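S.K.: need a 3D model of the following:
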Amino acid sequence: MQIRAQAILCAARPHGETAVIARLLTAEHGLVAGYVAGGRGRTLRPVMIPGNALDIELRWKSETQLPFARLELVQSRGPWLSEPLPAAAIQWACALTASALPERQAYPSLYEALGGLLDAICHAPSARGWAGAMAAYEALVLRELGYGGGGPPRSETLAEALAALDSLSDPIERYLLADRRGDVMAARAILRDRLGRIEK
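M.R.: Residues are numbered from 1 along each chain as shown. Got it, this is the predicted structure:
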């Protein structure tokens, strides 16, 4: 069996000495995991950055087998990881996606929204240009997974965007991340703290 698709890398977990288990969001196949041989090597290390847009090929022999993945970089988010606020935003958006979405269920609207959010984070002049989009993405994840979330929250100003983010914190922690290992919400707390500093 084989899948070829465009994807957004949402998580990369070390496996063994040099390999990586990648979690990749695609439009048609949803969130898929793949084994990347040499993923921590010099050649693939720049590719294995959460937020990167990739062309992927997954191959496997049975549904019980973890697919082998071949990845080709299409668009790198690496340059923005040296900036504390964009880095925190990219890390949170990808961590939320990787942790909340079930495997191999298509959510094309989330794929498109995540790509748009990452573009906004990387290209807006400041966080005022994407903080509202982050709140809208969180609300969309809740809605797509059946936990309400309502329509896009009002976020024309930074203060409104921060209020929307604060209102979404409890349902995200309660419904999307309640049974997940690790403190994924810590990434959100870092982002919220950094956004709060620019409000002052």
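
S.K.: who touches the lengthiest strand in the chain?
M.R.: Counting residues, the longest strand in the chain under DSSP state E turns out to be strand 2-15. Residues from elsewhere that reach strand 2-15 (Cβ atoms under 8 Å, 6 or more residues apart in numbering): 20-29, 31-32, 35-36, 39-40, 47-59, 67, 71, 74, 94-95, 97-98, 111, 114-115, 118. Glycine gets a C-beta too; all of them are placed from N, C-alpha and C.

S.K.: following that strand, which helix or strand shows up next?
M.R.: As assigned by DSSP states H and E, the chain's next helix or strand after strand 2-15 is strand 19-26.

S.K.: in its sheet, what does that following strand sit against?
M.R.: Pairing partners of strand 19-26, with direction, according to DSSP bridges: strand 2-15 (antiparallel), strand 30-36 (antiparallel).

S.K.: now do the buried residues in the longest strand of the chain.
M.R.: 3, 5-12, 15 (16 or more other Cβ atoms under 10 Å).

S.K.: and residue 87, which of the strands paired with strand 19-26 is closest to it?
M.R.: The closest of the strands paired with strand 19-26 to residue 87 is strand 2-15. By Cβ to Cβ, the value is 14.8 Å.
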